[in-house]
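A.B. asks: 3D, please:
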Amino acid sequence: MDVRVLRYFLAIAQERSISHAAQVLHVSQPALSRQMHDLETELGTKLFDRGPREIKLTQDGHYLRERANEIVTLVDKTAFNLQSNQVIISGRLDIGAGESVGMQRIMDVISHILKDYPEVHIRLHSGDFGDVAAKLDAGVLDFGVIMGEQPLQQYNTLRLPEVDHWGVLMPVHARLATQTVIHPADLLGQPLIISEQALMQSRFLDWWGNLGEQMNIVGTYNLIFNAALLAKNGSGYTLAFEHLIDTSKNSKLTFRRLAPEVTDPITIIWKKNQTLSNVAQLFLHRLQATIKRPNHNHPWNGWFAPGL
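C.D. replies: Numbers count the residues shown, from 1 in each chain. Modelled structure (predicted):
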């Protein structure tokens, strides 16, 4: 498969029209149609269902779109990093992560890198462990940020000092808001909204013990923002990490930690036996420096050791 043809395919998938895609790509419609016909012949499968007004992807087309996005992203990133002036440090850094208090340390490191090296570009990808691991394995990401205990034997790892505290997000006038902490028995009979990943991994099995079967889980979420809206209007008590949602005086939300305490570690992962780009090395060493010297806000001003 030619990367150029994959770009054509992605444009058609985006526009849902060969004629519109042809205009965007500045190629003729017959030439673009021929390229897609040849691609389907090469792959031995149908990629499009062609309707009178728009075209839709088949199941194989959706699969190719996902893979093609990864391929094109990897090609573009590789070319960008190789063509960059390595003396002054430039290139692109791709980091995938879920939502966590530990991201503040990472964002601080990135902010200093962007200030010191203006030609560095950052791309942040949001997702749970499965999403991040898949993109890391495919080479789309340089680093992943993983919350909780996961099977990480196939990766290099760096654990952050911070941990995520689980608790309950609720309206400030909720009945349980009068308590300083939340015990399992407090949630009996209450509508609960919980992280989909935590539910699938039975994260609270030990915490609520034999009360688990009596818990009323009415919904799940991947990212906390929309779940927080449900919490705000009183649709349910939301089990979430602390410090991800504004709970200041005017937010109408409050947060209470679980008791006994439930915490998750935060781990940076990257592929083993992979040569890191200069900008990826820079990020890793600066992040390590914040862990070794946590009282130094900016101990690396202008520092970079090529080849480390």
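
A.B. asks: phi and psi next, for the spatially most central residue of the chain.
C.D. replies: When Cα atoms, centre = their mean is applied to the chain, the residue found nearest the centroid is Ser126 (2.1 Å). Torsion angles at Ser126 (phi, psi; degrees, to the nearest 10) stand at phi -100, psi 140.

A.B. asks: now do it against Leu141, distance only.
C.D. replies: 12 Å (Cβ to Cβ, to the nearest Å). In short, each C-beta sits where N, CA and C put it, glycine included.

A.B. asks: that older thread, which strand residues bridge the residue nearest to the centre of the chain?
C.D. replies: Ser126 forms beta bridges with Ala97, as assigned by DSSP bridges.

A.B. asks: which neighbours do Ser126 and Leu141 share?
C.D. replies: Gly96 (Cβ atoms under 8 Å, 6 or more residues apart in numbering).

A.B. asks: hang on, the earlier thing: tell me which residues touch the residue nearest to the centre of the chain, please.
C.D. replies: Taking Cβ under 8 Å, 6+ apart as the test, what Ser126 contacts is Gly96, Ala97, Gly98, Glu99, Leu223.

A.B. asks: of these, select the buried ones using a PyMOL command.
C.D. replies: Per 16 or more other Cβ atoms under 10 Å, the buried members of the contacts of Ser126 correspond to this PyMOL selection:
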select buried, resi 96+97+98+99
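
A.B. asks: relative to Asp108, which of the contacts of Ser126 is nearest.
C.D. replies: The nearest member of the contacts of Ser126 to Asp108, counting by Cβ to Cβ, is Ala97 at 14.2 Å.

A.B. asks: can you tell me which residues contact that closest one?
C.D. replies: Ala97 touches Met103, Ile106, Leu124, His125, Ser126, Gly127, Val132, Gly144, Val145, counting by Cβ under 8 Å, 6+ apart.

A.B. asks: so for the one helix or strand the last one maps to, mean pLDDT?
C.D. replies: Meaning Val145. Taking DSSP states H and E as the definition, one finds Val145 inside strand 143-147. Confidence over strand 143-147 (mean pLDDT, whole number) is 94.

A.B. asks: tell me what that strand is packed against?
C.D. replies: Here strand 143-147 touches strand 91-97, helix 129-137, strand 263-271, helix 278-292, going by 3 or more Cβ pairs under 8 Å, 6 or more residues apart in numbering; DSSP states H and E.

A.B. asks: again, only using 10 Å
C.D. replies: Helices and strands touching strand 143-147, by 3 or more Cβ pairs under 10 Å, 6 or more residues apart in numbering; DSSP states H and E, are strand 91-97, helix 103-116, helix 129-137, strand 155-171, strand 263-271, helix 278-292.

A.B. asks: closest one to Tyr237 among the ones you listed?
C.D. replies: Nearest of the helices and strands packed on strand 143-147 (Cβ to Cβ): strand 155-171, 5.0 Å.

A.B. asks: pull out the buried residues from that closest one.
C.D. replies: Tyr155, Leu160, Glu162, Val163, Asp164, His165, Trp166, Gly167, Val168, Leu169, Met170, Pro171.

A.B. asks: report the rounded mean pLDDT for the longest helix along the chain.
C.D. replies: Longest among the helix segments of the chain by residue count, using DSSP state H, is helix 59-83. Mean pLDDT, helix 59-83: 80.
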